[in-house]
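Colleague: predicted model and sequence below, questions to follow.
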Amino acid sequence: MNAHPTAIIHPQAKLASNVTVGAYSIIGENVELGPDCEVMSHVVLAGPLCMGRGNRIFPFAAIGHDAQDLKYKGETTRIEIGDYNVFREYVTVHRGTGLGGGVTRIGSHNLLMAYSHVAHDCHLGDHIIMVNGASLAGHVEVGDHATVGVFCGAQQFSRIGAYCFIGGYTVITQDVLPYSKTTAPRPVEVLGANGIGLERRGFSRQEIGEIDDALRLICRSGLNTSQALEAIEAKGMTSPHVKVLIDFVRASKQGFFKGSGGRRKKVAAAEK
């Protein structure tokens, strides 16, 4: 292990032989770091925390501390982190709580930009981007390949669907549909499919078109949710991606963002 002389590493920490630890960093008890992890200067890691292979933690990040939850009473909880994640400057990630399942979980190949925050009991998938200052309150779920824009804030128990793009400064008070592109102005609007993002991930034009059609029926047709789902099925939209979207909608417990009608009102006003 290559550790700077000023680094403080607890005897009960478990670090792979080729982990590097920078100046003035602190590695606490019950922290486990897999091969090829890089801990830069002034990082603080607290356990129980388990990281896989190839993670990079930039200066002043703090990962593994107690939950910011008044219900947390010091019970033993943990963080589980996969492989090849990047935690930029001043990122904070907190352990779970006993009432929330006891674990905060982050998958692999994620990028958490500077000042972003992941609170207690959040579950993140893979290939997620959290842009500078994006913050997740407790118990938030984020699907694979989602992008959470600059200074977005997600309230407790929100679900952010896979492959969605959330514009900067959006206040997330309901679930965000998979594959959608969602904007910041209030009330929040779903503009359709995240076409550019999906194309970059290898989706065909046909797949993107079908997802966009399904999103428009759910969010912008004026139909209620049950009617929209019936319309999707009546039109024979049966791709696996549309099924993911339908399952997400049906599983929503606190509602999800739809078209607010604001754009339609602007069009109508312009026509007058």
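Modeller: It's in.

Colleague: can you show me the helices along the stretch 101-250 of the chain?
Modeller: For the stretch 101-250 of the chain, applying DSSP state H, counting those that start in this stretch gives helices covering 195-200, 205-219, 225-234, 240-251.

Colleague: next one: residue 210 from residue 245, what distance?
Modeller: For residue 210, the distance to residue 245 equals 10 Å [CB to CB, to the nearest Å]. Yep, even glycine has a C-beta here, placed from its N, CA and C like the rest.

Colleague: ok, these two, which is more surrounded?
Modeller: residue 245 (27 against 22; other CB atoms under 10 Å).

Colleague: which ones are touching that one?
Modeller: 161, 177, 178, 179, 211, 214, 215, 218 (CB atoms under 8 Å, 6 or more residues apart in numbering).

Colleague: while we're on residue 82, how confident is the model there?
Modeller: At residue 82, the predicted lDDT confidence score is 98.

Colleague: could you do residue 100 as well?
Modeller: Looking at residue 100, its pLDDT stands at 94.

Colleague: that one contacts residue 122, correct?
Modeller: No. Using CB atoms under 8 Å, residue 100 makes no contact with residue 122, being 9.2 Å away.

Colleague: who has more neighbours, these two?
Modeller: Counted by other CB under 10 Å, residue 100 and residue 122 do not tie: residue 122 has more neighbours, with 26 against 22.

Colleague: my understanding was that that one contacts residue 140; is that so?
Modeller: Yes. Taking contacts as CB under 8 Å, residue 122 lies within contact range of residue 140: 4.8 Å.

Colleague: need the overlap of contacts for residue 210 and residue 245.
Modeller: By CB under 8 Å, 6+ apart, no residue touches both residue 210 and residue 245.

Colleague: how many other residues sit next to residue 236?
Modeller: Going by other CB under 10 Å, the residues that sit close to residue 236 add up to 9.

Colleague: same question, residue 247
Modeller: 11.

Colleague: local confidence estimate at it?
Modeller: pLDDT, residue 247: 95.

Colleague: and for residue 18, the neighbour number?
Modeller: Residues near residue 18, counting by other CB under 10 Å: 12.

Colleague: pass me the low-pLDDT residue ranges in the stretch 51-200 of the chain, would you?
Modeller: Filtered on pLDDT under 70, the stretch 51-200 of the chain yields the residue ranges 185-186.

Colleague: got the contact list for the nearest residue to residue 51 once chain neighbours are set aside?
Modeller: Leaving out its chain neighbours, the residue that sits closest to residue 51 by CB to CB, 6 or more residues apart in numbering is residue 81, at 4.5 Å. Shown in contact with residue 81 (CB under 8 Å, 6+ apart): 49, 50, 51, 52, 55, 63, 93, 105, 106.

Colleague: list phi and psi for residue 168.
Modeller: The phi and psi values for residue 168, taken as degrees, to the nearest 10, are phi -60, psi 150.

Colleague: test my guess that it contacts residue 151.
Modeller: Yes. Residue 168 sits in contact with residue 151 when judged by CB under 8 Å, with a separation of 6.0 Å.
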